[in-house]
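>>> here you go, sequence then predicted model.
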Amino acid sequence: MYAAANPFRNASFSGQSNAYREVGVTSAVDGANPHRLVEMLYDGLLESIAQARGALRAKNIELKCTSISRAVRIVEEGLIGGLDMASGGELAANLSLLYGYVSRRLTLANLRNDEAMLQECADLVQPLRDAWSQIAAQAAAPAPKKVVNG
């Protein structure tokens with residue numbers, strides 16, 4: 001039931017784990033299941049945006065640029081790269097459009113030093129992260145036992 005609605009590739013996520021490792025996260029990737037890997041991408045993205053916002057406020061331009069670059073790579077290489085456009089249907093197509101928008105807004109926020117754009121990106125991603133976490137918890141939960149009357 002859930003697999004048909006999953007917009008992400010069901011393969012080993014080897015490409016995503018490599019992309020994620022390249023953007024600075026090394027722990028817990030190797031043993032993580034596909035649900036956890038996507039959750040880690042969302043967490044890394046939100047963390048990078050928060051770090052960029054803090055760096056912007058502190059006028060630390062180097063850290064701001066590094067953090068936003070990391071966020072863009074997570075979106076493009078991890079989230080967009082992990083979408084299964086062939087069988088993910090409308091959900092994958094819509095996520096691809098949203099992720100593309102977030103990537104463009106992050107880049108523009110970097111160019112303009114615009115904290116509001118960074119917050120907009122976080123506000124768009126947070127509900128996805130929360131929903132994904134709920135789905136992962138449901139998928140990991142054991143199926144309820146059927147009661148047979150008889």
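Everything's here; your move. Residues are numbered from 1 along each chain as shown.

>>> and L124, what does it touch?
Going by CB atoms under 8 Å, 6 or more residues apart in numbering, L124 touches 98, 101-102. Glycine gets a C-beta too; all of them are placed from N, C-alpha and C.

>>> which secondary structure element contains it?
Using DSSP states H and E, L124 sits within helix 115-140.

>>> name the residues of that helix that are buried.
Buried residues in helix 115-140, defined by neighbour count with 16 or more other CB atoms under 10 Å: 117-118, 120-122, 125, 128-129, 132-133, 135-136.

>>> and those, which is closest to T107?
Closest approach between those and T107, by CB to CB: M117, at 9.5 Å.

>>> for the closest one, which non-adjacent residue is closest in space?
A109 (3.6 Å; CB to CB, 6 or more residues apart in numbering).

>>> and for the one you found, the neighbour number?
24 (other CB atoms under 10 Å).

>>> what's the answer for I49, then?
27.

>>> can you check A86 too?
Considering only other CB under 10 Å, A86 is surrounded by 8 other residues.

>>> SS state for it?
coil (DSSP: H, G, I helix; E, B strand; the rest coil).

>>> the bottom helix or strand of the chain by mean pLDDT?
helix 2-5 (a mean of 42; mean pLDDT, DSSP states H and E).

>>> distance check, the nearest residue to E76 once chain neighbours are set aside against K146.
Of all residues not flanking E76 in the chain, S103 sits nearest, at 5.7 Å (CB to CB, 6+ apart). To K146, S103 is 45 Å away according to CB to CB, to the nearest Å.

>>> higher neighbour count, those two?
Taking neighbours as other CB under 10 Å, S103 and K146 compare with S103 leading, 19 against 5.

>>> got the contact list for that one?
So S103 contacts 72, 75-76, 80 (CB under 8 Å, 6+ apart).

>>> sec struct for it, please.
Per three-state DSSP, S103 ends up helix.

>>> could I get the pLDDT score of the spatially most central residue of the chain?
In the chain, the C-alpha nearest the mean C-alpha coordinate belongs to Y42, at 3.1 Å (CA atoms, centre = their mean). As predicted, Y42 sits at a pLDDT of 97.

>>> that one contacts P127, correct?
No: checked against CB atoms under 8 Å, the pair Y42 and P127 is beyond contact range at 10.2 Å.
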